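Visitor: could you work out the structure for the sequence below:
(2 chains)
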Amino acid sequence: DGGITQSPKYLFRKEGQNVTLSCEQNLNHDAMYWYRQDPGQGLRLIYYSQIVNDFQKGDIAEGYSVSREKKESFPLTVTSAQKNPTAFYLCASRDSAKLFFGSGTQLSVL
Amino acid sequence: LAKTTQPISMDSYEGQEVNITCSHNNIATNDYITWYQQFPSQGPRFIIQGYKTKVTNEVASLFIPADRKSSTLSLPRVSLSDTAVYYCLVANQGGKLIFGQGTELSVKP
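Guide: Numbers count the residues shown, from 1 in each chain, chains lettered A, B, ... in the order given. Got it, this is the predicted structure:
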């Protein structure tokens, strides 16, 4: 069953803690994306990767980091430098001009 | 990067046809126009994609005029379950993919 898998569905972060959100795809897509969505708002681009071992900052990269060591995986780390991390995080992969999204991770601060 | 502009919200009643228009004045020659539907706490899902003229599938139609500076998503006979946020995205095969604010469609009984 092909698709984008995000985990966990819910995540809680303590003050000063780094947390990592997982995103895995078995669609054999080269490009992957991370978006942040705040309540009632649209999607804002955090980072994207067009190929393994390469990634670029989106519009709101500060306080986040990513890696792309494997084609299938594009984890996002929310660092302690991100002072307002509470949001819904969406991962996607791209085939041509079409995006395929995961089901999202809701991150909250304890 | 082509910026998109959509109405913030729209209201409709069950059984009506709904048309949502997206403006993208600086669309590039190799850009495609794609529409997505998003329910609360879920990832957006693909509805329809087009390059020019008209495209139709089992859930919607997409109308694109010759100058491609706008596009209209048409949802025939909406139901309560069509209440969602609809995004248009203008992009080619590479790079940054930036979403606009989307249109919140509310379908009433």
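
Visitor: what number of residues lie near residue 8?
Guide: Picking chain A for this. Using other C-beta atoms under 10 Å in any protein chain shown as the criterion, residue A:8 is surrounded by 12 other residues. All C-beta atoms are positioned from the backbone trio N, CA, C, and that covers glycine.

Visitor: that's the wrong chain, I wanted chain B
Guide: Neighbourhood size, residue B:8 [other C-beta under 10 Å]: 8.

Visitor: who are the packing partners of the helix or strand harbouring residue A:108?
Guide: Element membership for residue A:108, per DSSP states H and E: strand A:105-109. Applying 3 or more C-beta pairs under 8 Å, 6 or more residues apart in numbering or on different chains; DSSP states H and E, one finds that strand A:105-109 makes contact with strand A:10-13, strand A:19-25, strand A:87-95.

Visitor: nearest to chain B, of those?
Guide: strand A:87-95 (5.2 Å; C-beta to the nearest C-beta).

Visitor: low-confidence ranges in the chain?
Guide: Since you didn't name a chain, this refers to chain A. Low-confidence segments of chain A (pLDDT under 70): A:1-2.

Visitor: wait, chain B
Guide: Where chain B drops to pLDDT under 70, the residues are B:1-2, B:93.

Visitor: burial count for the residue of it found nearest chain A?
Guide: Taking C-beta to the nearest C-beta as the measure, chain B has residue B:43 as its residue closest to chain A, at 3.1 Å. With neighbours defined by other C-beta under 10 Å, the count for residue B:43 comes to 22.

Visitor: buried deepest among the helices and strands packed on strand A:105-109, which one?
Guide: Mean neighbour count, computed with mean count of other C-beta atoms under 10 Å in any protein chain shown, is highest for strand A:87-95 among the helices and strands packed on strand A:105-109, reaching a mean of 22.

Visitor: with only the CA atoms kept, save it in CSV.
Guide: What follows is strand A:87-95, C-alpha atoms only, in CSV (Å, rounded to 0.1, in the frame of the first residue of the first chain):
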residue,chain,number,x,y,z
ALA,A,87,1.3,23.6,14.9
PHE,A,88,0.2,20.9,12.5
TYR,A,89,3.1,19.6,10.4
LEU,A,90,2.6,18.1,7.0
CYS,A,91,5.0,16.2,4.9
ALA,A,92,4.6,15.6,1.1
SER,A,93,6.3,14.0,-1.8
ARG,A,94,6.0,15.2,-5.4
ASP,A,95,5.5,13.4,-8.7
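
Visitor: elements contacting it?
Guide: Here strand A:87-95 touches strand A:4-7, strand A:19-25, strand A:31-37, strand A:98-101, strand A:105-109, going by 3+ C-beta pairs under 8 Å, 6+ apart.

Visitor: pick the most deeply packed of those strands.
Guide: Each of those was scored by mean neighbour count; the highest is strand A:31-37, a mean of 24, by mean count of other C-beta under 10 Å.

Visitor: residues making contact with that strand?
Guide: Residues external to strand A:31-37 that are found in contact with it (C-beta atoms under 8 Å, 6 or more residues apart in numbering or on different chains): A:23, A:25, A:43-51, A:58, A:60, A:64, A:66, A:68, A:74, A:76, A:87-94, A:99, A:104, B:94, B:97, B:99.

Visitor: give the buried residues for stretch B:100-109.
Guide: B:100-105, B:107 (16 or more other C-beta atoms under 10 Å in any protein chain shown).

Visitor: which among the residues you listed are in contact with chain A?
Guide: Checked against chain A using C-beta under 8 Å from any C-beta of the partner chain, the buried residues of stretch B:100-109 yield the following neighbours: B:100-102.
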